[in-house]
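Enquirer: Coordinates only, no sequence provided:
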Ligand code: RUB
């Protein structure tokens with residue numbers, strides 16, 4: 001598994017991954033606390049599925065694949081917590097915890113998919129802890145393998161010297177392993193392709209300015225942070241060659257829900273004829289949804305827009321505090337605006353509805 005080298009405040013360096021299950025006590029789940037990176041590096045431990053749901057909601061961990069992994073491990077925590085109850089009571093309690101986990105962040109479907117896969121295992125193995133631990137590791141290993149394949153597949157769209165625009169954060173913290181969209185410029189850099197990344201800061205939570213910029217710094221990839229509104233003029237001046245974004249849920253027609261601001265980038269890219277790809281593992285596809293119209297969009301706290309978290313970890317007011325605020329965390333990009341979707345091992349090209357249907361046929 002990909003570990004991240006984190007320098008602690010005392011100067012020592014630890015190597016850990018975004019989320020991991022405690023080997024001694026499966027009731028405990030450890031997280032790199034993403035809220036304060038790059039200003040402070042810390043690990044938080046949840047001691048049960050409800051606390052894990054709170055950590056997911058509060059974005060201690062975030063990014064579709066990482067919260068999927070947290071959800072899978074959250075079901076192990078649940079089975080551990082309720083291990084002394086009767087089989088029926090235990091099953092009901094685990095189902096309740098599963099709902100709490102899934103409701104923590106409604107848009108990213110990986111959470112839903114991973115929790116449901118674990119629930120099926122709970123029913124099949126009668127909540128035997130050892131088997132559930134194995135199954136949760138299998139799910140997380142699958143995510144890890146898919147991220148590695150994504151990097152290898154996606155690097156094929158990169159040409160030497162490209163300026164790549166990236167939105168939000170899709171690196172190792174978001175995905176447990178090498179990342180999805182961000183893994184591509186990182187691999188391109190390792191292959192000597194001489195790329196440069198424009199990092200959209202990604203208001204209001206600043207995942208780009210904080211996390212993407214921090215991860216690219218760790219990897220030594222040349223990059224420049226821009227305010228989100230700068231993208232249009234950069235494109236007009238011909239300074240963007242490729243746009244790479246993640247995905248939190250992809251409908252069967254190829255409509256993509258991703259971090260708010262993705263849709264405007266797709267409109268801009270289309271206007272300037274710049275290729276734009278969404279990049280995602282298969283766990284991000286929602287086989288139950290035909291179009292993006294039905295994707296639930298998470299409305300987050302007004303505090304995220306009204307205040308900013310400074311490097312001394314206090315919140316400061318930054319706009320008129322009495323004004324009403326609308327803070328949707330995601331938007332939906334219609335499939336026709338995308339050049340394609342980069343998946344593990346395969347780039348899906350338009351018409352995406354057919355490409356996705358063909359992929360599903362191959363699985364049957
Ligand atoms: C994260 C976000 C990311 C995708 C990454 O939002 O939108 O782009 O989740 O997923 P948040 P993937 O920070 O609100 O969790 O790596 O699958 O593309």
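Expert: Received it, and whenever you're ready, just let me know what you need. Predicted model only: the values in this text are computed from it and were never measured. Numbering: from 1, shown residues only.
Enquirer: Residue 155 touches residue 187, doesn't it?
Expert: Yes: the pair residue 155 / residue 187 is scored as a contact, 4.8 Å apart, by CB atoms under 8 Å. To be clear about C-beta, it is placed using only N, CA and C from the backbone, and glycine gets the same treatment.
Enquirer: In this structure, what residue lies closest to the ligand?
Expert: residue 246 (2.2 Å; CB to the nearest ligand atom).
Enquirer: what number of residues lie near the residue lying closest to that residue once chain neighbours are set aside?
Expert: Computed as CB to CB, 6 or more residues apart in numbering, the closest residue to residue 246 that is not its neighbour in sequence is residue 170, at 3.8 Å. Residue 170 has 33 neighbours, counted by other CB atoms under 10 Å.
Enquirer: ok, and residue 170, which helix or strand is that part of?
Expert: Assessed by DSSP states H and E, residue 170 sits outside every helix and strand.
Enquirer: With residue 215 as the reference, measure out to it.
Expert: 10 Å (CB to CB, to the nearest Å).
Enquirer: Mutual contacts of these two, please.
Expert: Counting by CB atoms under 8 Å, 6 or more residues apart in numbering, the contacts common to residue 170 and residue 215 are 179, 182.
Enquirer: Do any residues in stretch 261-269 lie close to the ligand?
Expert: No: applying CB under 6 Å from any ligand atom, one finds stretch 261-269 separated from the ligand by no less than 7.6 Å.
Enquirer: what's the answer for stretch 176-193, then?
Expert: Yes: interface with the ligand: stretch 176-193 contributes 180, 181 (CB under 6 Å from any ligand atom).
Enquirer: ends of that stretch, how far apart?
Expert: 25 Å (CA to CA, to the nearest Å).
Enquirer: Same question for stretch 22-37.
Expert: 22 Å.
Enquirer: So what's the gap between that stretch and the chain middle?
Expert: 17 Å (CA atoms, centre = their mean, to the nearest Å).
Enquirer: List the buried residues for it?
Expert: 22, 26, 27, 28, 29, 30, 31, 32, 33, 34, 35, 37 (16 or more other CB atoms under 10 Å).
Enquirer: Stretch 261-268 now?
Expert: Those would be 261, 262, 263, 264, 265, 266, 268, for stretch 261-268 by 16+ other CB under 10 Å.
Enquirer: repeat for stretch 121-129
Expert: With burial defined by 16+ other CB under 10 Å, the residues of stretch 121-129 counted as buried are 121, 122, 127.
Enquirer: if we can go back for a sec, need the buried residues of stretch 261-268 in a markdown table with pLDDT, can you?
Expert: Listed next are those as a markdown table, based on pLDDT from 0 to 100:
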| residue | pLDDT |
| --- | --- |
| 261 | 98 |
| 262 | 98 |
| 263 | 98 |
| 264 | 98 |
| 265 | 98 |
| 266 | 98 |
| 268 | 98 |
